[in-house]
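Peer 1: Based on what follows, work out the 3D shape:
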Amino acid sequence: MVDIVLSSSSDSIGKAIDEYNDESSYNSSSDSDSSRGNTTDEEYVSGVPGLPMEVIQEQLRKASGSRAGTSSSDPRPNTLDEEEVTVYSCAIDIPSKTDEQRLKNLKEWYQIPDEYNPRNLGFYSKSLFLYVIAGSLASATEFTIQNRCAYTVWPGILSGNGPTLGNGGFSLGPGASVQLTAQPGWSGRFWGRTGCNFDGSGNGECATGDCGSLQCTNGGTPPVTLVEFTIGTGPTGKDFYDVSLVDGYNVGMGVKATGGTGDCQYAGCVTDLNGNCPSELQVTASGSVVACKSACEAFNTAEFCCTGDHATPQTCSPTQYSQMFKNACPSAYSYAYDDASSTCTCSGSNYLITFCPTGSR
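Peer 2: Take a look at the predicted model:
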């Protein structure tokens, strides 16, 4: 990771910062306009009025060389990547279409909250903003969602803590995949919707997993297979994740941890339960079984729902139906208190979430 520090102790950088923080250098008065001369919009991408990005880059390289005890004339690689250039493009009160687009991209890519918008901060805070982004990049969790089904799946996503990922839902054709980034502490659930029909405004419905629109703000209607996540915080924080059939089953899902440390077990349901669903649990559409209800949804009794006199791990035991789910999908939750064999943990990992997985991949 590139370590860039904007320090007022470096003469060239400090002078630029001081000039930037002098309100007279970018007020909208005629004096300010004349002091800028004919500087173009593109030249403002450095975030410092009148200083093109190339000048800022050169000053940063010289300052970095001085700190490292090397001559500023030594050839040094250009270590500013596109995202870091974007940070410097966010000049306060200076209109620039280039600035706005780069800031928008940065915020969308890395789920940066509005309170970290550098347009709301002073220039000295931009170095802090850079470190906030750098820290986010270092510890953010990347979800890759892929569809191995022979049909289109519409993933639904509901965030319990943190920003909504993927706008809450989208279409994913056979063989397609998308990547989404979650910050430390994020929690939420993923599920698949099938048999959907949406108009150009995202209005419509799905045969299974429906949430009321293309972009979900509510959970999916059971029966639905769920992937649940709580991302850890800190360098050694544990992520907790599982595949749950507590709300029934509609499509196979699997979760594979990549690059993490710890147990990092595979979680998933590879078996197609729709083909083996008991008639009393079946949901059909156009003559085909499209989902398999949980016993709780089908019968709504305390025994099957782990409520009332059966609301504790000691009094809510597996049933013939939950055992059928467990036999088919050993690493998935089959009923409310199936924690011991179904909750997975990992630290510092990214995750591959697959619809219609084949084995543990």
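Peer 1: which stretches of the stretch 201-350 of the chain have low pLDDT?
Peer 2: The stretch 201-350 of the chain contains residues with pLDDT under 70 at 340-341.
Peer 1: where exactly do the helices run in it?
Peer 2: Taking DSSP state H, counting those that start in this stretch to define them, one finds helices in the stretch 201-350 of the chain at 295-299, 302-305, 320-328.
Peer 1: Indicate which one of those is closest to T312.
Peer 2: helix 302-305 (11.6 Å; C-beta to C-beta). Just so you know, the C-beta spots here come from the backbone N, C-alpha and C atoms, and that holds for glycine as well.
Peer 1: elements contacting that closest one?
Peer 2: helix 295-299 (3 or more C-beta pairs under 8 Å, 6 or more residues apart in numbering; DSSP states H and E).
Peer 1: packing partners for the helix it packs on?
Peer 2: Packed next to helix 295-299, using 3+ C-beta pairs under 8 Å, 6+ apart, are helix 302-305.
Peer 1: Now the helix it packs on: buried residues?
Peer 2: E303, F304, C305 (16 or more other C-beta atoms under 10 Å).
Peer 1: hmm, back to that, just so I know, which of the helices of the stretch 201-350 of the chain lies nearest V270?
Peer 2: Comparing the helices of the stretch 201-350 of the chain by C-beta to C-beta, helix 320-328 comes nearest, at 8.6 Å.
Peer 1: Contacts made by the closest one with the rest, please.
Peer 2: 245, 249, 269, 271, 273, 276, 278, 281, 294-295, 304, 318, 332, 334-335, 338 (C-beta atoms under 8 Å, 6 or more residues apart in numbering).
Peer 1: For these, which two are the farthest from each other?
Peer 2: T271 and F304, at 21.1 Å, using C-beta to C-beta across these.
Peer 1: mind checking which of the helices of the stretch 201-350 of the chain is nearest T225?
Peer 2: Closest to T225 of those is helix 320-328 (C-beta to C-beta; 10.4 Å).
Peer 1: if we look at stretch 265-273, which residues are touching it?
Peer 2: Against stretch 265-273 from outside (C-beta under 8 Å, 6+ apart): 225, 227, 241-243, 245, 249, 252-257, 292, 325, 328-329, 331-332, 342, 344-346, 354, 357-360.
Peer 1: In strands only, show me those residues.
Peer 2: 227, 241-243, 253-257, 292, 344-346, 354 (DSSP state E).
Peer 1: Just put these in TSV and tack on distance to E142 and neighbour count.
Peer 2: Below are the ones in strands among the contacts of stretch 265-273 laid out as TSV (distance: C-beta to C-beta, whole Å; neighbours: other C-beta atoms under 10 Å):
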residue	distance to E142	neighbour count
V227	15	28
Y241	14	22
D242	19	23
V243	19	25
M253	18	30
G254	17	26
V255	13	26
K256	13	19
A257	12	23
C292	31	27
C344	17	22
T345	18	17
C346	13	23
T354	15	23
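Peer 1: between the residues you listed, which is closest to N161?
Peer 2: Out of the ones in strands among the contacts of stretch 265-273, the member with the shortest distance to N161 (by C-beta to C-beta) is Y241, at 14.3 Å.
Peer 1: Report the separation between that closest one and L273.
Peer 2: Distance of Y241 to L273, computed by C-beta to C-beta, to the nearest Å: 20 Å.
Peer 1: How about T141?
Peer 2: From T141 to L273 the distance is 29 Å (C-beta to C-beta).
Peer 1: Looking at these two, which has the bigger crowd around it?
Peer 2: A count of neighbours by other C-beta atoms under 10 Å puts L273 above the other of T141 and L273, at 24 against 20.
Peer 1: residues near the closest residue to that one other than its chain neighbours, how many?
Peer 2: Of all residues not flanking L273 in the chain, Y249 sits nearest, at 4.4 Å (C-beta to C-beta, 6 or more residues apart in numbering). Y249 has 30 neighbouring residues, counting by other C-beta under 10 Å.
Peer 1: mind listing what Y249 touches?
Peer 2: P223, V224, T225, C269, L273, N274, C277, A291, C292, F325.
Peer 1: So what sits opposite S347 in the bridge?
Peer 2: With DSSP bridges applied, S347 shows beta-bridge pairing to K238, T261.
Peer 1: Over to T144?
Peer 2: Q179, L352.
Peer 1: my guess is it contacts S349, does it?
Peer 2: No - between T144 and S349 there is no contact under C-beta atoms under 8 Å: 11.7 Å.
Peer 1: The two - which one has more neighbours?
Peer 2: Ranked by neighbour count (other C-beta under 10 Å), T144 and S349 place S349 first, with 22 against 15.
Peer 1: Correct me if wrong: that one contacts A257.
Peer 2: Yes - the pair S349 / A257 is scored as a contact, 4.2 Å apart, by C-beta under 8 Å.
Peer 1: shared neighbours of those two, which are they?
Peer 2: D239, C264.
Peer 1: Extract the CA atoms of stretch 171-179 and return them as PDB.
Peer 2: Taking C-alpha atoms only, stretch 171-179 is exported to PDB below (Å, rounded to 0.1, in the frame of the first residue of the first chain):
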ATOM      1  CA  SER A 171     -30.200  -9.600 -12.200                       C
ATOM      2  CA  LEU A 172     -27.400 -12.300 -12.600                       C
ATOM      3  CA  GLY A 173     -27.500 -14.400 -15.800                       C
ATOM      4  CA  PRO A 174     -26.100 -17.900 -16.100                       C
ATOM      5  CA  GLY A 175     -22.300 -17.900 -15.700                       C
ATOM      6  CA  ALA A 176     -22.200 -14.300 -14.700                       C
ATOM      7  CA  SER A 177     -20.600 -12.900 -11.500                       C
ATOM      8  CA  VAL A 178     -20.300  -9.600  -9.700                       C
ATOM      9  CA  GLN A 179     -18.100  -8.300  -6.900                       C
END
